[in-house]
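Engineer: pasting the sequence and the predicted model now:
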Amino acid sequence: MTSQDAPGYTRLDICRRFVASVKHSTLLELEVLEADEETVRVRMPYQDVLVGNPETGVTHGGAIFALMDQAGGLANACRIFPDFEITPTIDMRVDHLRAPRPRHAVVCEAHCYRLSQHVAFVRMSVFEEGTENEPASSELLATGLATYMRMKLPGASRVVN
């Protein structure tokens, strides 16, 4: 692609626009931190409303799953860029390794490691973010693998502009 053919937007722009247009992503307050050719980093802040058990104050695993699925879809968009495709989830496996500490945000890094003609393959890792009083833990919270269907939509790339 030459500079004349380059779109007037970046992978990060597309990811942020997509997150802003998806209701559950806005409710989770997802923030796209980085987006490159194959990988995206997405942050989900701590919210009391996302706590599974009020006695522990720990973010519910379902919210973490939703973060991971959204980040996986965004990794697909980064890999397919500058084209645009719809990529619904076919299958997703998540291993919740430990719960985040109460009141800590989490960050998911998703990497689209392979595209076939019809399927995108993504690996995800979730980490806990540190706070002013407590440094981040390098211990993983969750890992995941997912497959997404590639649905090519004629003319969809023009709609993104």
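Structural biologist: Happy to help now that I have it. Numbering: from 1, shown residues only.

Engineer: now the residue nearest the centre of the chain: closest residue in space that isn't a chain neighbour?
Structural biologist: Centrality entry for the chain: nearest residue to the mean C-alpha point is residue 71, 1.1 Å, by CA atoms, centre = their mean. Excluding the flanking residues, the one nearest residue 71 by CB to CB, 6 or more residues apart in numbering is residue 110, at 3.8 Å. (Glycine included, C-beta is placed from N, CA and C.)

Engineer: also residue 118?
Structural biologist: Of all residues not flanking residue 118 in the chain, residue 150 sits nearest, at 5.5 Å (CB to CB, 6+ apart).

Engineer: am I right that that neighbour is in contact with residue 85?
Structural biologist: Yes. The pair residue 150 / residue 85 is scored as a contact, 5.3 Å apart, by CB atoms under 8 Å.

Engineer: which neighbours do those two share?
Structural biologist: Jointly contacting residue 150 and residue 85 under the rule CB atoms under 8 Å, 6 or more residues apart in numbering are residue 76.

Engineer: counting neighbours, which bits of the longest helix anywhere in the chain end up buried?
Structural biologist: Using DSSP state H to define each element, the chain has its longest helix at helix 61-80. Buried residues in helix 61-80, counted by 16 or more other CB atoms under 10 Å: 63-80.

Engineer: one more: stretch 112-125?
Structural biologist: So for stretch 112-125, counting by 16+ other CB under 10 Å, buried means 112, 115, 120-125.

Engineer: for the chain, what spans make up the helices?
Structural biologist: Going by DSSP H, the chain shows helices at 11-21, 23-27, 61-80, 156-160.

Engineer: okay, those in CSV with mean pLDDT next?
Structural biologist: CSV is the format used below for those (pLDDT from 0 to 100):
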stretch, mean pLDDT
helix 11-21, 95
helix 23-27, 96
helix 61-80, 97
helix 156-160, 54
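
Engineer: want to try JSON lines for the ones you listed, with distance to residue 140 as columns?
Structural biologist: Formatted as JSON lines, these follow (distance: least, CB to CB, whole Å):
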{"stretch": "helix 11-21", "distance to residue 140": "23"}
{"stretch": "helix 23-27", "distance to residue 140": "23"}
{"stretch": "helix 61-80", "distance to residue 140": "12"}
{"stretch": "helix 156-160", "distance to residue 140": "33"}
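
Engineer: which of those sits closest to residue 138?
Structural biologist: helix 61-80 (17.4 Å; CB to CB).
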